[in-house]
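[1] Got a predicted structure here, sequence first:
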Amino acid sequence: MRAIRLRKPGGLDKLELVELDIVEPQSGEIRITNHASSLNFHDYVVAIGLLPVDDGRIPMSDGAGIVEAVGPGVTQFQPGDRVVSSFFPHWIDGRADDLAKIAGVPGDNVDGFASETVTKSASAFTLMPDDYTFEQAATLPCAAATAWRALMVEAKIKPGDTVLVQGSGGVSVFALQFAKAAGCHVIATSSSDAKLEKLRELGADEFINYRQVEKWGDRVLEITGGRGVDVIVEVGGSGTLAQSVRAVAMGGHISMIGVLTGVQGEVPTAELFQKNAMISGITVGSCANQKDMIKAINTNGIKPVIDSSFGLEDLAEAFRLQESQKHFGKICLNF
């Protein structure tokens, strides 16, 4: 089988296409023919060496394929099942209250899904949505599950809420789709008017180009008649958090997901506590969260937005597109 290995010290020129032996499943494991993966920011920082991993690590956290063989003791899957991976295979349910639950991330702590065949514990997978392609399913484990937990599990959005999403990456686009499906009013920000138009086509109700409106928190207050928004899907980090605190409503919720603008910065603490607002740290979600999300997808028919697809051997080129930030939605591998 073909796979990609990442050689130390990392870098897109250190992604190496290799031939490896197929590993047969042991007790509690399944073997899948992997048909697709999708790129996340987490995968990118692994690939360029900012998140160090073992030499020869097979990258990519997300995968989707068909079960080809099951090991002894596996009862939840059988050959022919169409499955998708879980980002945290040891976090089955409940809160993230134990470091062991968030260990074992594919493509990071252990080998991932840049491989034509994958053998892992059966607990590392769930069934795919009923009518999804493999590419569509492979967009779910990191980006969609993060957006789902941010909105449904932590913020507990309800019809009529106002939700703000930042940018047009995978998490933000899924958050827009989930929020609209839940009956929410959505404000979208982007640095690109062209991308804002695409977000409008997906259902966003209000738009802010943050390149043109630096203090976009004040603009949010104008749009909402001074009230602010109920929930913010915060993917920027230190460079955007102050504006998010400005934009959030009294008693509102900021789901802190990303650090695209930096890992440290000032927080307007006085304004935050005056508003009685909450900031929740979000690192994807549990297997149970993913299963609930897939039930909702099967019911409401949400489909991922896929920008482009690459072959396994072109993974470095796929990362270069991600690096350029010219894409809208998800970038996939199809093999």
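    Great, that's in hand.

[2] pretty sure residue 196 contacts residue 205?
    No: judged on CB atoms under 8 Å, residue 196 makes no contact with residue 205 at a distance of 11.8 Å. Just so you know, the C-beta spots here come from the backbone N, C-alpha and C atoms, and that holds for glycine as well.

[3] where do the strands sit along the stretch 201-335 of the chain?
    All strands of the stretch 201-335 of the chain, identified by DSSP state E, counting those that start in this stretch, fall at 206-209, 229-234, 248-256, 278-281, 306-310, 330-334.

[4] Quick check: which of these is buried the most?
    Most buried of those by mean neighbour count (mean count of other CB atoms under 10 Å) is strand 229-234; its value is a mean of 28.

[5] Neighbouring strands - and their directions - for that one?
    Here strand 229-234 is paired, per DSSP bridges, with strand 162-166 (parallel), strand 248-256 (parallel).

[6] residues in contact with it?
    Contacts to strand 229-234, defined as CB atoms under 8 Å, 6 or more residues apart in numbering, come from residues 147, 150-151, 155, 157, 161-166, 171-172, 175, 179, 184, 187, 220, 240-241, 244, 247-249, 252-258, 279.

[7] C-alpha coordinates for that strand, PDB please?
    Output of strand 229-234 as PDB, limited to C-alpha atoms (Å, rounded to 0.1, in the frame of the first residue of the first chain):
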ATOM      1  CA  VAL A 229     -24.300  38.300  19.500                       C
ATOM      2  CA  ASP A 230     -25.200  35.300  21.600                       C
ATOM      3  CA  VAL A 231     -22.400  33.100  20.300                       C
ATOM      4  CA  ILE A 232     -19.000  33.700  18.600                       C
ATOM      5  CA  VAL A 233     -17.000  30.900  16.900                       C
ATOM      6  CA  GLU A 234     -13.600  32.400  17.700                       C
END
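
[8] Quick check: mean pLDDT of that strand?
    The pLDDT scores in strand 229-234 average 97.

[9] Make JSON lines out of the strands of the stretch 201-335 of the chain and add distance to residue 14.
    Shown next, in JSON lines, are the strands of the stretch 201-335 of the chain (distance: least, CB to CB, whole Å):
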{"stretch": "strand 206-209", "distance to residue 14": "37"}
{"stretch": "strand 229-234", "distance to residue 14": "32"}
{"stretch": "strand 248-256", "distance to residue 14": "31"}
{"stretch": "strand 278-281", "distance to residue 14": "31"}
{"stretch": "strand 306-310", "distance to residue 14": "17"}
{"stretch": "strand 330-334", "distance to residue 14": "17"}
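
[10] Confidence-wise, which of these is weakest overall?
    Lowest mean pLDDT within the strands of the stretch 201-335 of the chain: strand 278-281, a mean of 93.

[11] May I have the residues that are in contact with residue 145?
    Shown in contact with residue 145 (CB under 8 Å, 6+ apart): 87, 284, 285, 289, 290, 293.

[12] try residue 298
    With the criterion set at CB under 8 Å, 6+ apart, residue 298 makes contact with 129, 130.

[13] Likewise for residue 136?
    So residue 136 contacts 129, 303, 304, 306 (CB under 8 Å, 6+ apart).

[14] ok, now how distant is it from residue 205?
    Residue 136 is 25 Å from residue 205, where distance means CB to CB, to the nearest Å.
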